[in-house]
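Trainee: pasting the structure only:
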């Protein structure tokens, strides 16, 4: 990845263009992780709506395993978001240029571990599924909190419900005659398309490569986050 592009995407001084490009890239990663992860653990892990419903169903039906998995997923997603907040505040307090790179590097490490250890651990089915769901949810929590912070809650990348809602609002405004916000539509349409394309590629890659399908995603995030991190090391 070109160094200047990585620096622009993770710069401390944020721009609308930098936020959009970072959002599209992370939406692609989330779509791929969500779709590929489903083939691995039979759970969608990039959003928590279904997990809350699964926890409620498990509690009412007395099904321990779905309840434990869902609660673990919720706690892991929240822990990932909290970890991003800690890392960003840590970086800001020390004035480092890699303030937004730190969560991405941790996300890359999680995906790398999942890709390298997933096939080996899959044989331990009873323990593997809750643990794998927790790791993937933690990873998505990291990512969602990062793009939320850098864009001041304007962009989400791990779920598309809000994106489709915002697209509908913008189109409704245009139909009413309030004008078409092409910049906003470009951002939202790009996020939706990136998540969808990521999902297609992620599902195909996992079907073809198995758990190793997460390794290119880890490499993409690591190459992006490494640039400002190395800038800090060089001083």
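Mentor: Arrived safely, thanks for sending. From a predicted model like this one, the values you see are computed outputs, not experimental measurements. Numbers count the residues shown, from 1 in each chain.

Trainee: elements contacting the longest helix seen in the chain?
Mentor: Ordering each helix of the chain by length in residues (DSSP state H) puts helix 64-94 first. Here helix 64-94 touches helix 49-61, helix 101-121, helix 125-150, going by 3 or more C-beta pairs under 8 Å, 6 or more residues apart in numbering; DSSP states H and E. (Glycine included, C-beta is placed from N, CA and C.)

Trainee: next, the buried residues of that helix.
Mentor: 66-67, 69-74, 76-77, 80-81, 83-84, 87-88, 91 (16 or more other C-beta atoms under 10 Å).

Trainee: that helix vs helix 49-61, what angle?
Mentor: 140 degrees (axes from the mean of the first three to the mean of the last three C-alpha atoms, to 10 degrees).

Trainee: re earlier: what's the closest of the helices and strands packed on helix 64-94 to residue 220?
Mentor: Smallest distance to residue 220 across the helices and strands packed on helix 64-94 (C-beta to C-beta): 8.0 Å, for helix 101-121.

Trainee: what angle do that closest one and helix 64-94 make?
Mentor: Going by the same axes, to 10 degrees, helix 101-121 makes 150 degrees with helix 64-94.

Trainee: turn the helices and strands packed on helix 64-94 into TSV, columns for mean neighbour count.
Mentor: TSV is the format used below for the helices and strands packed on helix 64-94 (neighbours: other C-beta atoms under 10 Å):
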stretch	mean neighbour count
helix 49-61	14
helix 101-121	21
helix 125-150	22
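
Trainee: between those, which gets nearest to residue 10?
Mentor: That would be helix 101-121 among the helices and strands packed on helix 64-94, by C-beta to C-beta, at 5.2 Å.

Trainee: pLDDT on the closest one, on average?
Mentor: Helix 101-121 carries an average pLDDT of 90.

Trainee: quick check: closest non-adjacent residue to residue 31.
Mentor: In space, and not counting its chain neighbours, residue 31 is closest to residue 198: 2.8 Å by C-beta to C-beta, 6 or more residues apart in numbering.

Trainee: that should have said residue 28, apologies.
Mentor: In space, residue 28 is closest to residue 198, 3.8 Å off (C-beta to C-beta, 6+ apart).

Trainee: so where does residue 232 fall, helix or strand?
Mentor: Applying DSSP states H and E as the criterion places residue 232 in helix 214-234.

Trainee: again with residue 17
Mentor: helix 16-41.

Trainee: let me see the mean pLDDT of that helix.
Mentor: 94.

Trainee: in it, what's buried?
Mentor: Neighbour counts using 16+ other C-beta under 10 Å place 18-20, 22-41 of helix 16-41 among the buried residues.
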